[in-house]
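Peer 1: I would like the atomic coordinates for the input below:
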Amino acid sequence: MPEPGAKPLYDIPYTLYAGIDLLNLQLAAGLRGDFKEGWRLAKILEEERPGDARCAFNRGWYEMMRGDLQKGMELMDLGRTIAVFGSEMLPEGAPPQWNGKESLAGKTVLLRGEGGFGDEMIHVQFAKDLSARGARVVVSCHKGLMSLFSRVEGVSSVIPHHLIQNTHFDYWVPAMSAARWLGHTFETLPGGPYLTADPVYVEKWKTILAMKQVRLTSKPPLRVGIRWSGNPKFEHEQHRRFPAEPLIELAKTPGVTVYSLQRDGDIRDLPPEVVDLQHELADWEDTAAAMHHLDLVITSCTATAHLAAALGKETWIILPILPYYVWALPGERSPWYDTVRLFRQDVFGDWDATLSRVQEEFKKWSVVPGMTQSTTGVDGQNGIGGAFAFGGITAQTKAPVFNPPSAPKPVASQFQTQPGTVLGSGAGPAPLYIPGMYFAPKPNVTASKIKWKSPSTLHFVAGLPRAGSTALMNLFAQNPRIAPAPISGLCTIFSGIFANWDKGDFHRELPNHEAKRRVLRAILDFYHESERPVAIDKDRMWVVHFARLEEVLERPVKMIIPVRPIPEILTSFETLRRKDPLELTGADDSMGPGSTIETRAQYFAGAGGPMGQAYNAMKDAVTQGYLDRMLFVDYNKLMGAPKAQLKRIYDFLEEPNFEHDFANVDQIAKGDGRVHGYSGLHDIRGEFKRTSKNPREVLGPDVYAQFDQPEPWSQWT
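Peer 2: A predicted model of the protein is given here:
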């Protein structure tokens, strides 16, 4: 507070930064942890732009930081008008929104879940308050949370969001604003546990964890779950994700067993002393039951944090300098959860000091388990969080979303084109007809008329462009059993002979089917000259030849399919293009010099573009039943956890595992990518390491949103 008679902070001139929007200055102040300056700018903006919802919204975060939950929530609610807070309002004609004043006795109230999984988890607790006022409470939420929420006190029934319009209710409450309408302050928030694990799942996980115990001890070890990053598609994930190594090192602590709760994004190879649960955590019920058996969860600011805290588990949350709004109040403790301890980043982009504090406190905890944090606030260790509006554009930083796999869908729906994209025809959803999940018939191996023995076993790599296939092929060269071909013309020759065989007059007059088979077989068998017992050839279009390859080779074909999120592929192409502004790239040559990021993206993803063509070919192979002969390899998992992915690959190829040197990968074939329209197209780094640029920043938010769609192969990687 200013001294009596002192000049208000907001009266101090700001002409030092003339030409820079004050909202951007406010954001910059928050990123460097100067929240005094951020509040000063908030007051200036309040005077200069009283009707600007962005300014009011940002000021709401500072009000919460200063301890006024009600004022903060009131201002945050204005973010709904600019789509940076909560979800859209219910349509006109729906029952009224409850304003906190009407009696709820005998009324049915819809507590409408909003945001991501973490948002819905933290706000479902207010069903109890609504029920205490006499309401019958119906909760809407993501399908994956329905069973978990059905056990929350005060909840009468749970529905998925899409059934809201078919549900009767008298009032509705947007869940992210429930604390406001219920009149809560930071002093009155419940703070206690309200989620519970399913007893059946608890027993299941008792068995799983017992089987996965990594060391025998004289007494039961302390069980600690860790997670270091959230949903990779979250637009500000790069700010809250931190290095995993300091958490992984906790597994070296005597008397402690560490379990990795990391899923989907940022998967990596883990040392044997860390128990990896990624494949067993099928849904939120599994995660809750696994946590039931843990003594401590240490995590980044993800839905995993909210689940652990809502279960009443001791939870340490590692926060970026601009944390989510529920952590806006300074200090190590939070009124939202009694069992949470907050470890705040001190300097933007620098996690060293924060993670060192975590390690030091963990040493103490491992000796005397239990809450070790201070109950007093820590001045200056906090900032605004959640969404942040700034000049020119609006950056939305809602709660992270963790996407557990749902029950497998029919294969057709996995590859359904999404509205708004230009993959395939661009005409929107196009369901494929697939007769159940029947696999393609295995080739008949008894009728062979080939007189020679193949010199080596030939496997194939297809998949999407810019998805790691070239790096993988160069890595294979380290294995003395494998002869890889990172750049090969074999598929083109095979396709050309097949397409042109019957175009000659004599072949049309007197077809020679067996000669065609022999020639195609000889090309496959003898194109690669090597004494190694296994050859692997790479071409995106091999995937269209499944039936022909199996007919010619007279055996089931094994095909590795590298895949990657579509926005990341487009980002990789765009980054290549920007390396040399004077180069006429393939996209520019096809579209002319007036191409834009959006039109280039449409070119790549279109039916005839390099990505769209490969995507549709891959889709057709699945449609035709060849899924059991395809191994999908996710680029981010390959770069983040290469050891685990190579084991999957060798198991699939029925080859013995090989210990690769992932830090020193030589390029065995360096072609001229300009042949394909891009210089350096097939160049690789010498190390398997994730270095992806942020697709949203490279493509822009509009193009990113157009191509950000569910990945149909996610359940197969």
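
Peer 1: which residues touch residue 275?
Peer 2: 209, 212, 214, 257, 258, 259, 260 (CB atoms under 8 Å, 6 or more residues apart in numbering). Bear in mind the C-beta positions are built from the backbone N, C-alpha and C, glycine included.

Peer 1: Tell me the secondary structure at it.
Peer 2: strand (DSSP: H, G, I helix; E, B strand; the rest coil).

Peer 1: any idea how far it lies from residue 290?
Peer 2: 10 Å (CB to CB, to the nearest Å).

Peer 1: what's the overlap in contacts for the two?
Peer 2: Common neighbours of residue 275 and residue 290 (CB under 8 Å, 6+ apart) are 209, 259.

Peer 1: Now which of the contacts of residue 275 would you call buried?
Peer 2: 209, 257, 258, 259, 260 (16 or more other CB atoms under 10 Å).

Peer 1: Sheet partners, orientation included, of the one helix or strand the fourth one maps to?
Peer 2: Residue 259 is part of strand 256-260, with elements assigned from DSSP states H and E. Take DSSP bridges as the rule and strand 256-260 pairs in its sheet with strand 222-227 (parallel), strand 274-276 (parallel).

Peer 1: For the protein, name the helix or strand with the lowest mean pLDDT.
Peer 2: strand 394-395 (a mean of 30; mean pLDDT, DSSP states H and E).

Peer 1: Same list (the contacts of residue 275) but as TSV, adding pLDDT and distance to residue 654.
Peer 2: Shown next, in TSV, are the contacts of residue 275 (pLDDT from 0 to 100; distance: CB to CB, whole Å):
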residue	pLDDT	distance to residue 654
209	91	31
212	81	26
214	60	28
257	93	33
258	95	33
259	95	31
260	94	28
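
Peer 1: Dump the residues you listed into CSV; add distance to residue 344 as well.
Peer 2: Listed next are these as CSV, based on distance: CB to CB, whole Å:
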residue, distance to residue 344
209, 31
212, 33
214, 32
257, 27
258, 23
259, 25
260, 23
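
Peer 1: pLDDT value on residue 697, please?
Peer 2: Looking at residue 697, its pLDDT stands at 89.

Peer 1: what would the buried ones among the contacts of residue 275 look like in CSV with distance to residue 604?
Peer 2: As requested, the buried ones among the contacts of residue 275 are exported to CSV (distance: CB to CB, whole Å):
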residue, distance to residue 604
209, 45
257, 46
258, 41
259, 40
260, 35
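
Peer 1: Would you mind pulling the contact partners of the lengthiest helix in the chain?
Peer 2: When the chain is parsed with DSSP state H, its longest helix is helix 352-367. The contact list for helix 352-367, computed with CB under 8 Å, 6+ apart, reads 222, 242-243, 246-247, 249-250, 253-256, 296, 298, 316, 318, 341, 343-347, 372-373.

Peer 1: for stretch 647-655, same thing?
Peer 2: Contacts for stretch 647-655 (CB under 8 Å, 6+ apart): 459, 481, 482, 534, 558, 560, 631, 633, 656, 657, 658.

Peer 1: Most neighbours of all those, which one?
Peer 2: Highest neighbour count within the contacts of stretch 647-655: residue 633, with 26 neighbours (other CB atoms under 10 Å).

Peer 1: give me the low-pLDDT residue ranges for the stretch 451-600 of the chain?
Peer 2: 451-452, 505-510, 586, 588 (pLDDT under 70).

Peer 1: Helices along that one, start to end?
Peer 2: With helices called from DSSP state H, counting those that start in this stretch, the stretch 451-600 of the chain shows them at 469-476, 490-500, 505-509, 513-526, 546-553, 566-579, 586-591, 597-605.

Peer 1: Would you format those as CSV with distance to residue 113 and mean neighbour count included?
Peer 2: Converted to CSV, these look like this (distance: least, CB to CB, whole Å; neighbours: other CB atoms under 10 Å):
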stretch, distance to residue 113, mean neighbour count
helix 469-476, 40, 25
helix 490-500, 49, 15
helix 505-509, 65, 9
helix 513-526, 55, 15
helix 546-553, 43, 19
helix 566-579, 27, 20
helix 586-591, 42, 16
helix 597-605, 33, 21
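
Peer 1: Turn those into CSV, including distance to residue 172.
Peer 2: Formatted as CSV, the helices of the stretch 451-600 of the chain follow (distance: least, CB to CB, whole Å):
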stretch, distance to residue 172
helix 469-476, 50
helix 490-500, 57
helix 505-509, 71
helix 513-526, 64
helix 546-553, 52
helix 566-579, 34
helix 586-591, 48
helix 597-605, 38
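
Peer 1: Between those, which one is closest to residue 123.
Peer 2: Relative to residue 123, the nearest member of these by CB to CB is helix 566-579, separated by 29.5 Å.

Peer 1: Which residues does the closest one contact?
Peer 2: 421, 423, 464-467, 583, 585, 587-588, 597, 600-601, 604-605, 611, 635-636, 678-681, 692-696, 698-699, 703-704, 707-709, 711.

Peer 1: Any idea what residue 299 is bridged to?
Peer 2: residue 227, residue 317.

Peer 1: From what I see, it and residue 306 are in contact.
Peer 2: No - look at residue 299 against residue 306 with CB atoms under 8 Å: they stay out of range, at 9.6 Å.

Peer 1: Please compare these two by neighbour count and tell me which comes out ahead.
Peer 2: residue 306 (31 against 25).

Peer 1: Contact partners for that one?
Peer 2: With CB under 8 Å, 6+ apart, residue 306 has these contacts: 117, 118, 121, 122, 399.

Peer 1: can you tell me how far residue 162 sits from residue 474?
Peer 2: 47 Å.

Peer 1: circling back: out of the contacts of residue 306, name the ones that lie in helices.
Peer 2: 117, 118, 121, 122.

Peer 1: Now rank these by neighbours and give me the top one.
Peer 2: Going by other CB under 10 Å, residue 121 tops these with 31 neighbours.

Peer 1: shouldn't it be in contact with residue 194?
Peer 2: No - Residue 121 lies out of contact with residue 194 (CB under 8 Å); the separation is 9.4 Å.

Peer 1: Give me the common contacts of the two.
Peer 2: With CB under 8 Å, 6+ apart as the test, residue 121 and residue 194 both reach residue 310.

Peer 1: Please report the number of neighbouring residues for residue 163.
Peer 2: Counted with other CB under 10 Å, residue 163 comes out at 10.

Peer 1: Look up the pLDDT of it for me, please.
Peer 2: The predicted local confidence for residue 163 is 93.

Peer 1: which residue packs closest to residue 195, ignoring adjacent ones?
Peer 2: In space, and not counting its chain neighbours, residue 195 is closest to residue 310: 4.1 Å by CB to CB, 6 or more residues apart in numbering.

Peer 1: Tell me the pLDDT of that neighbour.
Peer 2: At residue 310, the pLDDT recorded in the model is 97.

Peer 1: Does it touch residue 194 like I think?
Peer 2: Yes - with contact defined as CB under 8 Å, residue 310 reaches residue 194; the gap is 5.8 Å.
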